[in-house]
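Participant: Please work out how this folds:
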Amino acid sequence: MPDPVDEIAMLNLAEIRAQFPALRPRDGLAPVYLDGPGGTQVPQAVIEAISNYLRGCNANHGGAFRTSRSSDEMLNYAHAAVADLLHAPSPDEVIFGLNMTSLTFQISRSLAKQWKRGEAIVVTQLDHDANIRPWMLAAEDVGVEVRVVPITPEGTLNEEVLQRHLTGPVRLLALTCASNALGTMPDVARLTRLAHAAGALVFLDAVHYAPHAVIDVQAWDCDFLACSAYKFFGPHVGILWGRRALLEQLPAYKVRPASEALPGKWMTGTQNHEGIAGTLAAIDYLASLGRGSTRRQRLVQAMHAIREYETRLLRCLLVGLRERPAWRVWGLTAENQLSQRTPTLGLTHVCRSAQEIAEFLAQHEIYAWSGNFYALELVEALGLGQGGGLLRLGIVHYNTDDEMQRTLDVLGKLD
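Facilitator: Purely as a prediction, here's the structure:
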């Protein structure tokens, strides 16, 4: 693997940014998109893939005619691409759906049919509500205990409590790969081993993690993983991966004519085929940023390069904000902690609300979110639930050094 400097050099920012129509200047001022955690912009290849699908092979599944056969061929390619992105053993284990939230509700009902009173599941305050509420509601339906792992004041998981919660008959640990509010990245491989040792399955939410680092369901040894294409430069499509044995064994809520074979068993109704075509294009776009003889190799190298580059931009923001005492950055901020987080900052100001700051940034064509970002448990645990939550600045690889400085300059006007 090349050293970090060589990896960053692989990313030609001018060429990358030229592929994203949304990044072009408007009325002389290019917008700064720091709203990536809520949904990234898409490259031209994704737009064209969606359009080309609708123009050339818009058809339902399983027909004998040309457009249906072409559509099914695209779907097969898309399953294979996601398998490469996640390092899944088989494309048949990849499930497409409406979004991560809907897919999680769907699989939670199937898993809950096997739970019994006296058992427990574990969720965490670090998670997006889409990896908390579906499990809580499923547990409530069948009378299973819900144990909640708190966060520390630093914005990490309280692993001492987590280990205590993994005792007795525990059926599931639902865990985020990265907090969408603070960027905190738990060691999911190690925590998965702890959960498995306690007899629990592990469901990972990689929605916020996916655009920033390498996903490897085999190395992590998880049982399920969900993510969303619109967070990694694609359209609004949800993705679920599960172990083959579990997907084959679990009951699926589906119509009677639907296939019992994977992946059709879990892909209810007619899918968003044009969106799946765009998802395939988004993965191929990411792979185009790396090198290697296989798509998986190119994806891994590209994500390493992206990780190094984004960390450099994150460091720029952190250094600038340290010089401004009116601002507080929540979560991990020390230099030796940057490997444990994504380049997503949750900020508060001593006298201005997050909404007020977001509106001020928007006036200067800097786009950022404010609020709780559906990380409701986390924001409440930080004591910010009644105060408007956080301002969130989310860096992705199409951002630049100049944009970081421009953001710091505008924030400085609020001091």
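Participant: Got the phi and psi for residue 147?
Facilitator: phi -110, psi 130 (degrees, to the nearest 10).
Participant: what's around it, how many residues?
Facilitator: The local packing of residue 147 (other C-beta atoms under 10 Å) involves 19 other residues. Where C-beta positions appear, they are placed from N, C-alpha and C, glycine not excepted.
Participant: Now do it against residue 160, distance only.
Facilitator: Going from residue 147 to residue 160 by C-beta to C-beta, to the nearest Å gives 13 Å.
Participant: Mutual contacts of these two, please.
Facilitator: By C-beta atoms under 8 Å, 6 or more residues apart in numbering, residue 147 and residue 160 have no common neighbours.
Participant: biggest helix in the protein by residues?
Facilitator: What stands out as the longest helix in the chain, according to DSSP state H, is helix 295-322.
Participant: From the chain's centroid, how far away is it?
Facilitator: Centroid separation for helix 295-322 versus its chain: 16 Å, with C-alpha atoms, centre = their mean, to the nearest Å.
Participant: same question for whichever helix or strand comes after it, mean pLDDT?
Facilitator: Where DSSP states H and E defines the elements, the next helix or strand beyond helix 295-322 is strand 327-330. Strand 327-330 carries an average pLDDT of 97.
Participant: Adjacent strands (with direction) for strand 327-330?
Facilitator: Here strand 327-330 is paired, per DSSP bridges, with strand 344-349 (antiparallel).
Participant: just checking, what packs against the helix or strand that the partner strand is followed by?
Facilitator: Using DSSP H and E, the helix or strand that follows strand 344-349 in sequence is helix 354-363. In terms of contacts (3 or more C-beta pairs under 8 Å, 6 or more residues apart in numbering; DSSP states H and E), helix 354-363 is packed against strand 344-349, strand 369-371, strand 390-394, helix 401-412.
Participant: partner strands of the following helix or strand past helix 354-363, parallel or antiparallel?
Facilitator: Per DSSP H and E, the first helix or strand lying C-terminal to helix 354-363 is strand 366-367. Counting by DSSP bridges, the strands paired with strand 366-367 are strand 32-33 (parallel).
Participant: if we look at the strand it pairs with, which residues are touching it?
Facilitator: By C-beta under 8 Å, 6+ apart, strand 32-33 touches 22-23, 40-41, 365-367, 396, 398-399, 403, 406-407.
Participant: chain center to the helix or strand following that strand: distance?
Facilitator: The first helix or strand that comes after strand 32-33 along the chain, using DSSP H and E, is helix 44-56. Here helix 44-56 is found 24 Å from its chain centre; the criterion is C-alpha atoms, centre = their mean.
Participant: now swap in stretch 166-185 and tell me
Facilitator: In terms of C-alpha atoms, centre = their mean, the centre of stretch 166-185 is set 14 Å apart from its chain centre.
Participant: Next: stretch 312-325.
Facilitator: How far stretch 312-325 lies from its chain's middle: 24 Å, per C-alpha atoms, centre = their mean.
Participant: what does stretch 90-101 give?
Facilitator: Put simply, stretch 90-101 sits 14 Å off its chain's centre (C-alpha atoms, centre = their mean).
Participant: First-to-last residue distance for that stretch?
Facilitator: End-to-end span of stretch 90-101 (C-alpha to C-alpha, to the nearest Å): 23 Å.
Participant: Can you say which helix or strand has residue 75 in it?
Facilitator: Taking DSSP H and E as the criterion, residue 75 maps to helix 66-86.
Participant: Which positions in that helix come out as buried?
Facilitator: The neighbour-count check on helix 66-86 (16 or more other C-beta atoms under 10 Å) flags 68, 70-72, 74-75, 77-86 as buried.
Participant: got it, and stretch 337-348?
Facilitator: Across stretch 337-348, burial judged by 16+ other C-beta under 10 Å covers 338, 340-348.
Participant: Give me the contact list for that stretch.
Facilitator: Applying C-beta under 8 Å, 6+ apart, the contact partners of stretch 337-348 are 37, 156, 178-185, 208-209, 212-213, 310-311, 313-315, 317-318, 321, 327-332, 354, 357, 384, 387, 390-396.
Participant: change it to 7 Å
Facilitator: Residues from elsewhere that reach stretch 337-348, judged by C-beta atoms under 7 Å, 6 or more residues apart in numbering: 37, 178, 181-185, 208-209, 212, 310-311, 313-315, 317, 327-332, 354, 384, 390-395.
Participant: How about stretch 321-330?
Facilitator: With contact meaning C-beta under 7 Å, 6+ apart, stretch 321-330 is reached by 155, 182, 318, 345-350, 382, 390, 412, 415.
Participant: which among the residues you listed gets closest to residue 62?
Facilitator: Closest approach to residue 62 among these (C-beta to C-beta): residue 182, at 44.7 Å.
Participant: which residues sit in contact with that closest one?
Facilitator: Contacts of residue 182 by C-beta under 7 Å, 6+ apart are 155, 330-331, 346.
Participant: Give me the pLDDT for it.
Facilitator: 98.
Participant: Next, work out how far apart the closest residue in space to it that isn't next to it in sequence and residue 74 are.
Facilitator: In this structure, residue 182 finds its nearest non-sequential neighbour in residue 331, 3.5 Å apart by C-beta to C-beta, 6 or more residues apart in numbering. Here the criterion is C-beta to C-beta. By it, residue 331 lies 40 Å from residue 74.
Participant: returning to what we had before: how far does the helix holding residue 75 sit from its chain's centre?
Facilitator: With C-alpha atoms, centre = their mean as the basis, helix 66-86 stands 21 Å off its chain's centre.
Participant: Contacts for the helix or strand following that helix next, please.
Facilitator: Of the helices and strands lying after helix 66-86 in sequence (DSSP H and E), the nearest is strand 94-97. Contact with strand 94-97 is made by 79, 82-83, 88, 103, 106, 237-241, 263, 266-267, 271, 276, as judged by C-beta under 7 Å, 6+ apart.
Participant: Narrow these to those in strands?
Facilitator: In this view, those that belong to strands under DSSP state E are 238-241.
Participant: This completes my enquiry, with thanks.
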